[in-house]
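*Asks:* Take a look and give me a structure for this.
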Amino acid sequence: PRHLAIMDCLATMAGIETTAKLFLNPYMNLTDPETGRLYPVATSMLATRRIATSAPNPMQLSKRASSTFVRGFFGPDYDDHVLVSLDWSAVELLLIGEFSGDPEYVKAYGVLPHKDLHAGAAVSVLQTVIPEMTDELFHKMKGMTVEELDAINPRILTNVRGERIDPSKSHSYWRTEVGKSASFEWPYSGMLRNTAEKLGLSREQMFEAIDRYKTRFAVAEQWRLDTIAKCQRDGYVELLDGHRRTRFEATPQWREIFMSKFAHIKDDNVQNFLGLMARSIQSRAANRAVNSVVQGSCATLTKRSTLRVRERFKQLGWTKRDVAYKMSVHDELVISAHKNLVVPVINEVYDVMCTHPELVRNLKLDAS
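*Replies:* Here you go, the predicted model:
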């Protein structure tokens, strides 16, 4: 339809503008003309203590979507080197499974290679609009015909834009569009607003989908609620390495102090508004408590792995002319390695990244 083509065009134009603003302009302006290099400032001052960079910010480098080409701007240290990047697999979700012991997470991340967590999430959410959807049907879809799936429910082969899907792509489409979306949205908000919006769900349907989702991942949901309750009681959460992240605004004491500042205002409407504001701030603080535990523990994994990788290179007698650690981009470690050492480097870095018994005891870290 014409209106969809116009929307696609506008989205493309917006993407070009964003890419220019985030990458092209700052990279050109901040590249040292003598060395051709960028020298970003790295800090660990985010609330979660994840590594942050500025001037410019390579943390915005995407592995997917339209800005992926920006990664091609970067090269290794020498002509006979290549860039090697290792990325933890589903590390945020794996950590939730490690903390909670949820059987669905353990089933997915307790073995190597990892099994699929997102398929189950997709089934739970899709059952709201496709009552016939089951785990068995979901796994069989890609091998079924259009006629067979339409006979069950035409919605199975209709994507969120109202377009038809090829049966062979239906499993991967719904797994990513709904399952993966829900898996990453729910832990940090306890809601599925974005996922529900994609599916065009009403408010009542969204809460039905949430109930189905929480039923499947009941143990992880209880961990999330317990984490929030502890933060509300103590005013902080504790990470795997023992560090604390303070969220005083989640506590009843914060609410009392906040409301007392306006106690002299006797207007009921104003008090009701202030009450809603306080509730919103506390709800956000509760969700950030969960985010701090997960993201803060990701930060611990990254920092410890960075130090151990550099030490491993020294132990192996590799000089900077052989291999050099460059930077981290979220859950990736980026290394410049001599072309003859690529395989050994990958094996050594993988071993370091996936061996943290002091942090992850029950599930299996993996990297690609």
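
*Asks:* Low-confidence stretches in the stretch 51-200 of the chain?
*Replies:* In the predicted model of the stretch 51-200 of the chain, no residue satisfies pLDDT under 70.

*Asks:* quick one, helices of it?
*Replies:* Secondary structure of the stretch 51-200 of the chain by DSSP state H, counting those that start in this stretch: the helices cover 91-100, 103-109, 118-126, 135-140, 146-152, 167-174, 181-189, 193-199.

*Asks:* Could you identify the helix or strand that succeeds the last one?
*Replies:* In other words, helix 193-199. Beyond helix 193-199 in the direction of the C-terminus, DSSP states H and E gives the next helix or strand as helix 203-216.

*Asks:* That next one vs helix 118-126, what angle?
*Replies:* Per axes from the mean of the first three to the mean of the last three CA atoms, to 10 degrees, the angle that helix 203-216 makes with helix 118-126 is 140 degrees.

*Asks:* Show the average pLDDT along helix 203-216.
*Replies:* Helix 203-216 carries an average pLDDT of 96.

*Asks:* who's in contact with that helix?
*Replies:* Contacts to helix 203-216, defined as CB atoms under 8 Å, 6 or more residues apart in numbering, come from residues 104, 120-121, 124-125, 127-129, 182, 186, 190-193, 195-196, 201, 221. Where C-beta positions appear, they are placed from N, C-alpha and C, glycine not excepted.

*Asks:* repeat for stretch 324-342
*Replies:* Under the contact criterion CB under 8 Å, 6+ apart, stretch 324-342 has outside partners 40, 42, 50-51, 53, 58-59, 61, 76-78, 80-88, 91, 298, 302, 305-306, 309-310, 313, 318, 321-323, 345, 349, 353.

*Asks:* Can you show me the strands along this structure?
*Replies:* All strands of the chain, identified by DSSP state E, fall at 41-43, 52-54, 81-87, 236-238, 244-246, 323-329, 332-338.

*Asks:* who does the fifth one touch, helix- and strand-wise?
*Replies:* Where contact means 3 or more CB pairs under 8 Å, 6 or more residues apart in numbering; DSSP states H and E, strand 244-246 is packed against strand 236-238, helix 268-315.

*Asks:* and what of the third one?
*Replies:* Packed against strand 81-87, as judged by 3+ CB pairs under 8 Å, 6+ apart, are the following elements: strand 332-338, helix 342-353.

*Asks:* okay, these in a markdown table with mean neighbour count and mean pLDDT next?
*Replies:* Shown next, in a markdown table, are those (neighbours: other CB atoms under 10 Å; pLDDT from 0 to 100):
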| stretch | mean neighbour count | mean pLDDT |
| --- | --- | --- |
| strand 332-338 | 22 | 96 |
| helix 342-353 | 18 | 98 |
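
*Asks:* related to what we said a few turns ago, comparing the strands of the chain, which comes out most buried?
*Replies:* Per-residue neighbour counts averaged over each of those give the maximum for strand 332-338, namely a mean of 22 (mean count of other CB atoms under 10 Å).

*Asks:* Can I get the strands of the chain in CSV including distance to residue 280?
*Replies:* Rendered in CSV, the data for these read as follows (distance: least, CB to CB, whole Å):
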stretch, distance to residue 280
strand 41-43, 29
strand 52-54, 26
strand 81-87, 35
strand 236-238, 20
strand 244-246, 19
strand 323-329, 33
strand 332-338, 34
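
*Asks:* what sits against the nearest residue to residue 230 once chain neighbours are set aside?
*Replies:* Of all residues beyond its chain neighbours, the one nearest residue 230 is residue 237 (6.6 Å), with distances taken as CB to CB, 6 or more residues apart in numbering. Counting by CB under 8 Å, 6+ apart, residue 237 touches 227, 230, 231, 244, 245, 247, 289, 290, 292, 293.

*Asks:* Over to residue 27?
*Replies:* 38, 56, 70, 73.

*Asks:* got it, and residue 323?
*Replies:* For residue 323, the set of contacting residues under the criterion of CB under 8 Å, 6+ apart consists of 313, 335, 336, 337, 338, 341, 345.

*Asks:* Quick check: pLDDT value at it.
*Replies:* Here, the pLDDT recorded for residue 323 equals 98.

*Asks:* how close does it get to residue 333?
*Replies:* Distance check for residue 323 against residue 333: by CB to CB, to the nearest Å, it reads 12 Å.

*Asks:* One more: residue 126?
*Replies:* As it turns out, when the distance is counted by CB to CB, residue 126 lies 36 Å from residue 333.

*Asks:* Ok, residue 257 next?
*Replies:* The value you get for residue 257 to residue 333, if CB to CB is used, is 43 Å.

*Asks:* next one: residue 136
*Replies:* In this structure, residue 136 and residue 333 are 39 Å apart, going by CB to CB.

*Asks:* do residue 295 as well
*Replies:* Taken as CB to CB, the spacing of residue 295 relative to residue 333 amounts to 17 Å.

*Asks:* before we move on, what about residue 246?
*Replies:* Relative to residue 333, residue 246 is positioned 29 Å away (criterion: CB to CB).
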